[in-house]
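Colleague: mind looking at a prediction? Sequence and model below.
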2 protein chains.
Amino acid sequence: MFPFMAQSSLTRELRQNKPFLSPRDEAFVALLRTADMLRWRLSEVIEPHNISIAQFNVLRILRGAETTGLPTLEISARMVEQAPGITRLVDRLEAAGLVRRERTRTDRRQVLCHIEPKGLKLLSWLDASVPQATEVLFSGLKPGDLDKLLESLDSIRKACAARCPSLRKH
Amino acid sequence: MFPFMAQSSLTRELRQNKPFLSPRDEAFVALLRTADMLRWRLSEVIEPHNISIAQFNVLRILRGAETTGLPTLEISARMVEQAPGITRLVDRLEAAGLVRRERTRTDRRQVLCHIEPKGLKLLSWLDASVPQATEVLFSGLKPGDLDKLLESLDSIRKACAARCPSLRKH
DNA sequence: GGTGAATAGTTGACATAACAACTATTCACC
DNA sequence: GGTGAATAGTTGTTATGTCAACTATTCACC
């Protein structure tokens, strides 16, 4: 459309010789790539502690329900990123002594998962270092930019959910 | 800070009982989650054709260099999302007849990868359906919103690259 | 209160990802 | 022109993810 337009920084980053078909196409790719970089940065901080990002997410979810515990599939529903293999993910956390499981008395199909003291201790280590590593990445954005970003992402997720009946059972 | 503030839609989505620590923290999570949903939507369109998102990305990259071909690690550097196992990823594409490989004469360490007619044909199927499925997800954003979004994501990636020496060899 | 459908989670088989060690080739430079 | 470091990619091993089939329990309702 504007072949004389300056090459976008994303085009340069991915060494593309052709511009994107549309701003929407570019936004799609930019989002995937930015998230991938954030994930990379996050894993640099947490993987030295021998847990994956997904496991970190499970621990945080369980800490949020420390007193009551949560059934396995409820954890799954609360994950930031989908993790279909939730059983084995929790298996590994249990094997590492970070989590404990027990069948409920009221509904004997359910398995309540609880975070263990060892898990809480690990999280307390990460409570300081994770925000320090991640929040600084947003320091180029003014408060208004952040609001606008959150709003745009919200709108995208809404459109996505409307079109992906299979996305969550919720 | 504002405990009386309306619960954010992300907090609701993830069924969190506590608000985010900061808008930056929320933006971090929102980005990961939005990208995950986009990936989900994309895979609904391309996986029925028996290729993964990463393989789709490789095919697109190779189409962009159809006449010359590309060395394996150059593909790796151009991927939207990191894929350390590039060799075996291309192995599978080759086994499926979508890609061809040959050692270069000038530098016999390199392996040039070329897209095959079968790969081009597959992409031409997806050329219509992928944008149709993905671009509509951005229809809630006005042109100005898109520009702002791209700009914010750019700033985040820049900060990320500056702090992740290990991210790319580039 | 008995039967079929739905829910909660596990398991097995298989595919893919991740990490480290390895080969082959080229480059830098003395 | 020979030697050590760097580059390009592969391979082996081990961990993790994926999909479908399976068990146990509960719910809906006649």
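Modeller: Sure, I can see it.
Colleague: C-alpha only now, for contacts and for neighbours.
Modeller: Will do.
Colleague: which strands or helices does the longest helix seen in chain A pack on?
Modeller: For chain A, the longest helix by residue count, based on DSSP state H, is helix A:23-46. Helices and strands touching helix A:23-46, by 3 or more C-alpha pairs under 8 Å, 6 or more residues apart in numbering or on different chains; DSSP states H and E, are helix A:53-64, helix A:117-135, helix B:23-46, helix B:117-135, helix B:143-163.
Colleague: can you list the residues of chain A near DNA strand D?
Modeller: Within chain A, the positions adjacent to DNA strand D are A:Ala54, A:Ala83, A:Pro84, A:Gly85, A:Leu89, A:Arg92, A:Arg105, A:Thr106, A:Asp107, A:Arg108, A:Arg109 by C-alpha under 7 Å from any atom of the strand.
Colleague: just put those in TSV and tack on neighbour count and distance to B:Leu32.
Modeller: Shown next, in TSV, are the residues of chain A next to DNA strand D (neighbours: other C-alpha atoms under 10 Å in any protein chain shown; distance: C-alpha to C-alpha, whole Å):
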residue	neighbour count	distance to B:Leu32
A:Ala54	16	12
A:Ala83	14	13
A:Pro84	11	17
A:Gly85	9	19
A:Leu89	15	19
A:Arg92	14	23
A:Arg105	10	36
A:Thr106	7	36
A:Asp107	8	34
A:Arg108	9	34
A:Arg109	10	32
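Colleague: quick one: which of these is nearest A:Leu10?
Modeller: Nearest to A:Leu10 among the residues of chain A next to DNA strand D is A:Ala54, at 27.6 Å by C-alpha to C-alpha.
Colleague: excluding sequence neighbours, find me the nearest residue to the residue positioned nearest the centre of chain A.
Modeller: Closest to where the C-alpha atoms of chain A average out (C-alpha atoms, centre = their mean) is A:Val80, at 3.9 Å. With sequence-adjacent residues excluded and distances taken as C-alpha to C-alpha, 6 or more residues apart in numbering or on different chains, A:Val80 is closest to B:Arg33, at 5.3 Å.
Colleague: how much space is there between the one you found and DNA strand D?
Modeller: 15 Å (C-alpha to the nearest atom of the strand, to the nearest Å).
Colleague: I'd say that residue and A:Leu38 touch.
Modeller: No. Using C-alpha atoms under 8 Å, B:Arg33 and A:Leu38 do not qualify as a contacting pair, with a distance of 11.5 Å.
Colleague: okay, and the common contacts of those two?
Modeller: Residues touching both B:Arg33 and A:Leu38 (C-alpha atoms under 8 Å, 6 or more residues apart in numbering or on different chains): none.
Colleague: does A:Arg78 really touch A:Ile61, like I thought?
Modeller: Yes. Contact criterion C-alpha under 8 Å: A:Arg78 and A:Ile61 qualify, at 7.3 Å.
Colleague: ok, A:Val80 to DNA strand D distance?
Modeller: Computed as C-alpha to the nearest atom of the strand, the A:Val80 to DNA strand D distance reads 13 Å.
Colleague: nice, that's everything, thank you.
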